[in-house]
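*Asks:* I'll drop the sequence and a predicted model, then ask my questions.
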2 protein chains.
Amino acid sequence: MPTRLVEVRQNVLKHNDTVARALRTRFQESGVFVVSLVSSPGAGKTAFLEKSLDLLRGQFRVAALVGDLATDNDARRLARSGVPVKQITTGTVCHLEAAMVESALEGWNLKELDYLFIENVGNLVCPSSFDLGEAMRLVLFSVTEGEDKPLKYPTIFNTADVAIISKMDLAAAVEFDESAAHRSILAVSPGMKVFGVSAKTGEGMDGCLAFMISQAHDHQSGNIPRQV
Amino acid sequence: MPTRLVEVRQNVLKHNDTVARALRTRFQESGVFVVSLVSSPGAGKTAFLEKSLDLLRGQFRVAALVGDLATDNDARRLARSGVPVKQITTGTVCHLEAAMVESALEGWNLKELDYLFIENVGNLVCPSSFDLGEAMRLVLFSVTEGEDKPLKYPTIFNTADVAIISKMDLAAAVEFDESAAHRSILAVSPGMKVFGVSAKTGEGMDGCLAFMISQAHDHQSGNIPRQV
């Protein structure tokens, strides 16, 4: 990459970090636990989110922001769950930035929320360097994508807190090698927590959400602030 | 995006276009038909390529360049087909650039090739603005990714010449709606040629490659130079 581009990019990242830090403080003070989702396009972020909102909304006050280059298909799909949802369209930008999240939150009272989900643009590269002020970042990859995906996109796996292997209902059809996938994840991010789930059948969703809830509890007690 | 970043980005694109134009002339003069592949990570570019090399190498002299952020897994996988293959690793860059292709070609005599395939980094956003000097660009998306993917990533579909719906063997398992997918593609790129294929079963591969060969023939006769 040319030197000037690198310099300008560093300024953009520095600005993003400042906005993200302010967001993180605001989320913490409002008592809302913010979870972001990153993955390649079509890995099932929206299906995972749809199922999560459905399982959580009886017990908790939840909301979601969803990012895409174009269309508000995901927001319309998630709005069916009855929880507050806003679409962020990025145009040609391949990731969400903290300032986009900040704008999208205008008019929402964060104190009225327990969990806020932020679904990033489908991309395994660009979102990795942009902090959104989230307390937990989930990286999803589906059984149909190939077990070596973490090795090919190490940064996004490194900057996430939890890996979700999605579409487990298709595992047999694609001869998915689960232990190879775990090895790939742990090779780039040793000790990372991994959950295999299917939003379609519900498999693994409870365990995954129970983990998130326990982390949110620790987080609110100030035990494990996310380090970025 | 901040103005300075836009300006620097435009310079990078302008430089890329210059290198790509020179590559295109060189490819044309050498009589090699260059086909690039773009898709999200895990859509099956490498499997499609593996099958294509296998079907073509008896009749034609074929070679491939494959891009990834990290690992040479794909090059090693494709090298099993016995054709010349080189891996381009981009580090943190989310797309191939013409200069990377130019460097990777060092030491290869293009006159000894009929077809050169270039597999881009798995990404539905970043590769769209970078011309690689190719004569034909294929965009793949798999039946597992959702029928509205073209609507969400219109630019990459607009800048491609042919759309390939991959993993058709999984269509029933994921209740894939083929006509909805075609509608999405044609909404963003009217008149676009679409092929449904499965690299696993071989379904649709012959038709797709026959189309490529006919385009290559027209191209060499100077009938349809790619306009960028």
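*Replies:* Looks like it arrived, so ask away.

*Asks:* any buried residues in stretch A:139-158, and which?
*Replies:* A:139-157 (16 or more other CB atoms under 10 Å in any protein chain shown). Using the backbone N, CA and C atoms, a C-beta is placed for each residue, glycine as well.

*Asks:* can you tell me which of these are in helices?
*Replies:* Residues of these located in helices (DSSP state H): A:149, A:150, A:151, A:152, A:154, A:155, A:156, A:157.

*Asks:* about what we covered before: near chain B, from the buried residues of stretch A:139-158?
*Replies:* Filtering the buried residues of stretch A:139-158 for proximity to chain B (criterion: CB under 8 Å from any CB of the partner chain) leaves A:141, A:142, A:144, A:145, A:146, A:148, A:149, A:151, A:152, A:153, A:154, A:155.

*Asks:* need the max-distance pair from those.
*Replies:* Distance extremes for these: the farthest pair is A:144 and A:155 at 21.9 Å, using CB to CB.

*Asks:* surely residue A:16 meets residue A:102?
*Replies:* No. Here residue A:16 does not reach residue A:102: they are 10.6 Å apart, not a contact under CB atoms under 8 Å.

*Asks:* the more surrounded of these two?
*Replies:* Neighbour tally, residue A:16 and residue A:102, criterion other CB atoms under 10 Å in any protein chain shown: the higher count belongs to residue A:16, 21 against 16.

*Asks:* residues touching the more buried one, list them.
*Replies:* Residue A:16 is in contact with A:97, A:98, A:99, A:130, A:131, counting by CB atoms under 8 Å, 6 or more residues apart in numbering or on different chains.

*Asks:* name the SS class of the residue nearest to the spatial centre of chain A, please.
*Replies:* Compute the mean C-alpha point of chain A, and by CA atoms, centre = their mean the closest residue is residue A:37, 1.3 Å away. Classification of residue A:37 using DSSP: H, G, I helix; E, B strand; the rest coil returns strand.

*Asks:* gap between it and residue A:202?
*Replies:* For residue A:37, the distance to residue A:202 equals 18 Å [CB to CB, to the nearest Å].

*Asks:* chain neighbours aside, what residue packs nearest to residue A:176?
*Replies:* residue A:143 (4.0 Å; CB to CB, 6 or more residues apart in numbering or on different chains).

*Asks:* quick one: the one you found and residue A:165 touch, right?
*Replies:* Yes. With contact defined as CB under 8 Å, residue A:143 and residue A:165 form a contacting pair (6.4 Å).

*Asks:* circling back to that earlier point, which one among the contacts of residue A:16 gets closest to residue B:91?
*Replies:* Checking the contacts of residue A:16 against residue B:91 with CB to CB, the nearest one is residue A:130 at 17.7 Å.

*Asks:* next up, the contacts around the closest one.
*Replies:* With contacts defined as CB under 8 Å, 6+ apart, the neighbours of residue A:130 are A:13, A:16, A:20, A:95, A:96, A:97, A:98.

*Asks:* out of the residues you listed, who's the most crowded?
*Replies:* residue A:96 (27 neighbours).
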